[in-house]
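Student: below: sequence and its predicted model.
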Amino acid sequence: MAVSAESIAAAVKAAKGRGLPPVDKWNPPFCGDLDMRIARDGTWFYLGTPIGRAPLVRLFSTVLKREGDKYFLVTPVEKVGITVDDAPFLAVDFEVEDDGADQKLTFFTSVGDQVTADSDHPIRVTEQNGEPAPYVEVRAGLEALIDRKSFFRLVDLGVTEKIDGEDQFGVWSSGTFFEIAKASDLA
């Protein structure tokens, strides 16, 4: 049987229980690459066409696995390679919970995940083409690119802290400081 998006979806539906599938425990044989791509803006494509059904995209997102720099859709019986242009997810919003003692930043992705930034789900900022590229880890090495409007809101929450003797600009979440930039770079 040839591997297709439809066969992957059927296998996932058959294996799915409550919560996210245990893709970290699945180690099926590699069955080749699938013509599926996740664009930088979070759009999923199959055979060059955007996948318009949000529930199907959500289903695929739950069986995504990263091994090194490669991405795969996995089921208990098959593993297929897909292309990811940047990060597999897009963080489209976040909310701030501040109880006075500790601030928590919870991000929401375009595929329905939510994750609170903490030491296990760090925020990191790199540079691409001279622009900041902010990410938050969603699960098991899978990151979400933080969209522009959310990043600007994040910067508005930023504070300058002295870390290891150096002034750094960043945000706090769940007791962890995440650097956005060196304070000297902002002067």
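Tutor: Cool, got the structure.

Student: tell me, please, the helix or strand in this structure that averages the lowest pLDDT.
Tutor: Scoring the helices and strands of the chain by mean pLDDT, DSSP states H and E places helix 5-15 at the bottom, with a mean of 63.

Student: and stretch 145-162, what's buried?
Tutor: For stretch 145-162, burial by neighbour count (16 or more other CB atoms under 10 Å) applies to 145-147, 150-151, 154-155, 157-158. Just so you know, the C-beta spots here come from the backbone N, C-alpha and C atoms, and that holds for glycine as well.

Student: same deal with stretch 122-134?
Tutor: 123, 125, 133-134.

Student: go on, stretch 83-96?
Tutor: Within stretch 83-96, the residues scored as buried using 16+ other CB under 10 Å are 84, 86-92, 94.

Student: pick the one among the residues you listed closest to residue 66.
Tutor: residue 88 (7.7 Å; CB to CB).

Student: just give me the closest of the buried residues of stretch 83-96 to residue 50.
Tutor: Using CB to CB, these come closest to residue 50 at residue 90, 13.8 Å.

Student: in a helix, that's where the closest one is, yeah?
Tutor: No - looking at residue 90 with DSSP: H, G, I helix; E, B strand; the rest coil, it is strand, so not inside a helix.

Student: make sure it is actually in contact with residue 44.
Tutor: No - in this structure residue 90 lies outside contact range of residue 44 using CB atoms under 8 Å: 10.6 Å.

Student: for this protein, which segments are assigned as helices?
Tutor: For the chain, the helices defined by DSSP state H occupy 5-15, 54-61, 148-156, 183-186.

Student: looking at strand pairing, list the partners for the closest residue to residue 70 other than its chain neighbours.
Tutor: Closest residue to residue 70 apart from its sequence neighbours, by CB to CB, 6 or more residues apart in numbering: residue 81 at 6.2 Å. Residue 81 has these beta-bridge partners by DSSP bridges: residue 33, residue 72.
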